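# here is a sequence with its predicted model. Questions after.
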Amino acid sequence: MKNKHRFLLTLLCICLILPLIPVSTAAKTEITENLFDFNTSYCGYYDAKGAKYYSHIYQTSAPISVNEGDVITMSPVYNSQVMYLMTLDKNGEMIERVTSVVKLENVADFEDLTHIRSYTVPAGVSYIRVTCYALEFNTFVVTKNNVFDVAAYNAYIASINNTAYSEFRMADKSAFSKYKLLWCGDSVGAGSYEWYYEGAANGGLTSKNKSTNTPSWAGRMKTVLGLSSYTNPSHGGATYSTKYPYGLNIPQQVEQYAKGGQYDIIVIEGGTVDCGGYGSIVVPLGYLSDGYELEQFAGANTFIGGIERAFYYATTLSPESIIVCVIPYSCPASKNFNNGWERLYQYIPYVCEKWGIPCVNLYKNETVNYYFDYDRSYGGLYYYDDLHCSPLGYTASSLEIAMKIFSCGKYSEQTKHMPEEIPYLITKEATEEPQFQRKYIVCEDNLFDSAKKTKEQRKPSSGNTIEYVVSDYIAVNPGDVVYFGPCSPYEVKQLEGFDAAKKGVTGGITSNNLVAFGYLNNSFIFYTYTVPENVSFVKCSFQSSKAPMITINQPFDMTFYTNALAATNRGETVDFPLTVAPVTTAEVITEAEPIITEPESFTAATESTEPEVTSDDSESTGCKASLSAALVFTACAAAYVLRRKH
């Protein structure tokens, strides 16, 4: 009987102690937070001295706050990375670089031989930086005290709509290992400024590790597709048209380098300079020809004529290649002039469809636009200036191009076909883009009367003396809104106000005192002027090479203007507002304040320095609660038996 009592007492003690012992749980199967932030990461890794080392192949996170004993889990991890993570002390100084994969615990494996690995933070470490392959920035996951498995990883990637990128990462690319790439393009394709920029969060502008060759998109294609080599004759100022005589234009690049079919992949990219870039002359649009021979194309001085020539040389000189066209990204420069780049870019897909060439339209790509910040200051993360990418910009946009190249087969003549619908402005009937004609728009609502114009010679703030045409006196009332253009922003005056006696009362009004409501191109703008109390008449000025448009309280847009001018040139009557809806006020783009970059600070990605308290999921909590209840019940039963025995 004593043995029985002893057994019951032992059982009672066990029941009372067990709930106090921590119950180990399996790895969590849900990822709720990813600590890797691409926006604050550095394009490269850190050397043995803890100094930045630029490399387009790797991306390293900003400091992540940790505590001793924290378990950092990351994926995908490769066995051959130059660096996996770096530990830092409380002052942000490097303690150790983890460059051997054996220092990480393997959690799980993927089919492509990449891994999920974890790292337990040792004593003395306050921060870590984690490194991944750059072009896996949107599928790289880092967690703290949340060890996840393959299923959890896949579920998280699916939840952020990045499954296609994960599948591309794991796809077999061995067929590309012997392929050579030719990239023909402009300064954006050349990566002219990539070496000089690391991002505002990582020290700002720098010339560290400058090289004669920048990786740009071409170098990243070699990395992610495993190509054998690439050639990139792209350069600043290169156009599809013959707008600028700077080196080889894009069709000439293709013609010179594609000879002999020595390249397995040809990428044709450009248009930024044709669209305006840093130029002042608008490139004629041209037309989409109905044939595939040089003599049938629009002139080489036109945008579409130039693209067709580039496609002609690629498909005839290297017909066995994979051929892809890339439309550059939207950027601050493209937004400075309302619809300026859209004016040309919108027609590139029609040319691609005719030639059967796959098109990567970065300008309209939602994923790329999600990452790009459009910051016009030099402190923007994705741009060196208003046009050229930083390393983050090239990395963020490269996957779209790589995935298109990977999915394409070799070029086939069978894919050629004329688009079912072709916009009128790029048909041969349109012949020449209307704004290059000097005829005046004949429209009842256009208050510019060419019969009553006067001419003046002026020298604007930028350039040589130019001939201007000035409208007759146009009657207005206080509060009226005058819509007029196109005008250069550098004019000596664009408008002047007069009283009832036609005596000047405002003096010459320039763009500084006008509101832009639309843009013809990078150099000519449509303005509004609200009439003040003392003004009864206005006169508007235009360069004589332009066709003026003036309306009162009747807005118009670029589409109406170009269509109206085209209709006038065809001898047709123009009815306002033609077939387009009235324009809304264009977005006013203000110059951002310059960003002053401070020396790198070690602001952690996670603010709290306290150890993270992890909570079990509902199922684990339920199991533990049931166990505790069972133990309490057993203890009570044992106590009841003991009392009965005594």
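Here it is on my side, so go on. Predicted model only: the values in this text are computed from it and were never measured.
# contacts, neighbours, all on C-alpha from now
Will do.
# gap between Pro284 and Ser241?
Distance, Pro284 to Ser241, using CA to CA, to the nearest Å: 9 Å.
# revised request: answer the last question for Phe36.
43 Å.
# quick one: contacts for Ser126?
Ser65, Val66, Asn67, Glu68, Thr87, Leu88, Asp89, Lys90, Gly92 (CA atoms under 8 Å, 6 or more residues apart in numbering).
# okay, the second one: pLDDT?
The one in question is Val66. Looking at Val66, its pLDDT is 97.
# look up phi and psi at it.
Main-chain torsions, Val66, degrees, to the nearest 10: phi -140, psi 170.
# name the surrounding residues that touch stretch 31-51.
Outside of stretch 31-51, the residues within contact range by CA under 8 Å, 6+ apart are 52-62, 64, 83, 93-94, 97, 130-131, 134, 137-138, 140-144, 146, 148, 152-153, 156, 198-199, 201-202, 381, 391-392, 605-606.
# revised request: answer the last question for stretch 303-319.
For stretch 303-319, contacts defined as CA under 8 Å, 6+ apart pick out 240-242, 250-252, 254-255, 258-263, 266, 268, 274, 283-288, 292-294, 297-300, 323, 344, 348, 351, 355, 410-412.
# can you give me how far that stretch is from the chain middle?
Distance, stretch centre to chain centre, for stretch 303-319: 27 Å (CA atoms, centre = their mean, to the nearest Å).
# picking up where we left off before, in strands, which of the contacts of Ser126 fall?
Ser65, Thr87, Leu88 (DSSP state E).
# please pick the buried ones from these.
Among the ones in strands among the contacts of Ser126, those buried by neighbour count (16 or more other CA atoms under 10 Å) are Ser65, Thr87, Leu88.
# please name the residues that touch the last one.
Leu88 makes contact with Met94, Ile95, Glu96, Val125, Ser126, Tyr127, Ile128, Arg129, according to CA under 8 Å, 6+ apart.
# doesn't Pro63 make contact with the first one?
The one in question is Met94. No - contact criterion CA atoms under 8 Å: Met94 and Pro63 do not qualify, at 10.9 Å.
# not counting sequence-adjacent ones, nearest residue to Ser330?
Tyr363 (4.7 Å; CA to CA, 6 or more residues apart in numbering).
# before we move on, what about Thr99?
Going by CA to CA, 6+ apart, Thr99 has Met83 as its nearest residue, at 4.4 Å.
# helix or strand for that neighbour, which one?
Assigned by DSSP states H and E, Met83 falls within no helix or strand.
# go on, Gly507?
If you go by DSSP H and E, Gly507 is part of strand 504-509.
# can you give me the buried ones in that strand?
For strand 504-509, the neighbour count (16+ other CA under 10 Å) marks Ile509 as buried.
# now the following helix or strand past that strand: how far from the chain's centre is it?
Tracing the chain past strand 504-509, the next element assigned as helix or strand by DSSP H and E is strand 515-519. Averaging C-alpha positions (CA atoms, centre = their mean) puts strand 515-519 25 Å from its chain's average.
# so what touches whatever helix or strand comes next after strand 515-519?
As assigned by DSSP H and E, the chain's next helix or strand after strand 515-519 is strand 525-530. The contact list for strand 525-530, computed with CA under 8 Å, 6+ apart, reads 478-489, 511, 514-520.
# 10 Å - rerun?
Applying CA atoms under 10 Å, 6 or more residues apart in numbering, the contact partners of strand 525-530 are 337-338, 476-489, 494-495, 509, 511, 513-520, 538, 549-553, 555-558, 585.
# of these, which qualify as buried by neighbour count?
Neighbour counting with 16+ other CA under 10 Å marks 337-338, 476, 481-489, 494-495, 509, 511, 514-520, 538, 549-552, 555-558 as buried within the contacts of strand 525-530.
# show me those that map onto strands.
Those of the buried ones among the contacts of strand 525-530 lying in strands (DSSP E): 481-487, 495, 509, 515-519, 538, 549-552.
# burial measure for Pro251, as a count.
Residues lying near Pro251 (other CA atoms under 10 Å) number 27.
# check the secondary structure at it for me.
Assigned with DSSP: H, G, I helix; E, B strand; the rest coil, Pro251 falls in the helix class.
# about what we covered before: any chance of CSV for the contacts of Ser126, columns distance to Lys503?
What follows is the contacts of Ser126, written out as CSV (distance: CA to CA, whole Å):
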residue, distance to Lys503
Ser65, 71
Val66, 75
Asn67, 78
Glu68, 81
Thr87, 76
Leu88, 74
Asp89, 75
Lys90, 73
Gly92, 70
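# rewinding a little: quick check: neighbours shared by Pro284 and Ser241?
With CA under 10 Å, 6+ apart as the test, Pro284 and Ser241 both reach Asp274, Gly299, Ala300, Asn301, Thr302, Phe303, Ile304, Gly305.
# so which of these are in strands?
Among the shared contacts of Pro284 and Ser241, no residue falls in strands (DSSP E).
# just the ones of those residues in helices?
Phe303, Ile304, Gly305 (DSSP state H).
# ok, so of those, who is nearest Gly189?
When these are compared for distance to Gly189 (CA to CA), Phe303 wins out at 17.8 Å.
# what is the burial count for that closest one?
27.
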